[in-house]
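# could you work out the structure for the sequence below:
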Amino acid sequence: MTYTRNMQMAFRSIKPPHDLRVDIVDYGKFLTVQFYESQWRHYTDAERFKCIQYLEKVKKTLELLGAVVALDPILDVETPDDRARRRRK
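Next comes the predicted model:
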């Protein structure tokens, strides 16, 4: 499965809430919808709910066009545990 022009047009037609950054990555046999913790962590619960609805809509739309799709949260923010582990090395 490749990310087709029809899929791209369908994805772009769905407006993301709150300037949520989302990337579609084609792994050949499946697609991932990637979203980033660095944005997610600043949203209120109500804003997160809208983001979840958006992500589900994107996923279902791509699936209707024939793709196998996974949601893929990207942890792009260092946590206190990450900093502690780095200091111990």
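
# show me where the chain dips below the pLDDT cut-off.
Across the chain, the ranges flagged by pLDDT under 70 are 1, 79-86, 89.

# quick one: the helices in it, in order.
5-12, 37-40, 45-64, 80-88 (DSSP state H).

# now render those helices as TSV, adding mean neighbour count and distance to H18.
For glycine as for every other residue, the C-beta is placed from the backbone atoms N, C-alpha and C. TSV is the format used below for those (neighbours: other Cβ atoms under 10 Å; distance: least, Cβ to Cβ, whole Å):
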stretch	mean neighbour count	distance to H18
helix 5-12	13	17
helix 37-40	15	8
helix 45-64	14	5
helix 80-88	9	26
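
# with distance to R21 as added columns, please give these in TSV.
Converted to TSV, the helices of the chain look like this (distance: least, Cβ to Cβ, whole Å):
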stretch	distance to R21
helix 5-12	13
helix 37-40	6
helix 45-64	11
helix 80-88	21
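
# can you tell which of those is closest to K29?
Nearest to K29, of all the helices of the chain, is helix 45-64, at 13.7 Å by Cβ to Cβ.

# just the C-alphas of the closest one, formatted as PDB.
Coordinates of each C-alpha in helix 45-64 appear next as PDB, following Å, rounded to 0.1, in the frame of the first residue of the first chain:
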ATOM      1  CA  ASP A  45      -8.700  18.000  28.100                       C
ATOM      2  CA  ALA A  46     -11.400  19.500  25.800                       C
ATOM      3  CA  GLU A  47      -8.800  20.300  23.100                       C
ATOM      4  CA  ARG A  48      -7.300  16.800  23.400                       C
ATOM      5  CA  PHE A  49     -10.800  15.400  22.900                       C
ATOM      6  CA  LYS A  50     -11.100  17.400  19.600                       C
ATOM      7  CA  CYS A  51      -7.700  16.100  18.600                       C
ATOM      8  CA  ILE A  52      -8.700  12.500  19.200                       C
ATOM      9  CA  GLN A  53     -11.800  13.000  17.100                       C
ATOM     10  CA  TYR A  54      -9.700  14.400  14.300                       C
ATOM     11  CA  LEU A  55      -7.100  11.600  14.500                       C
ATOM     12  CA  GLU A  56      -9.900   9.000  14.400                       C
ATOM     13  CA  LYS A  57     -11.500  10.700  11.400                       C
ATOM     14  CA  VAL A  58      -8.200  10.800   9.500                       C
ATOM     15  CA  LYS A  59      -7.600   7.100  10.300                       C
ATOM     16  CA  LYS A  60     -11.100   6.000   9.200                       C
ATOM     17  CA  THR A  61     -10.900   8.100   6.000                       C
ATOM     18  CA  LEU A  62      -7.600   6.500   5.000                       C
ATOM     19  CA  GLU A  63      -8.900   3.100   5.900                       C
ATOM     20  CA  LEU A  64     -12.000   3.700   3.700                       C
END
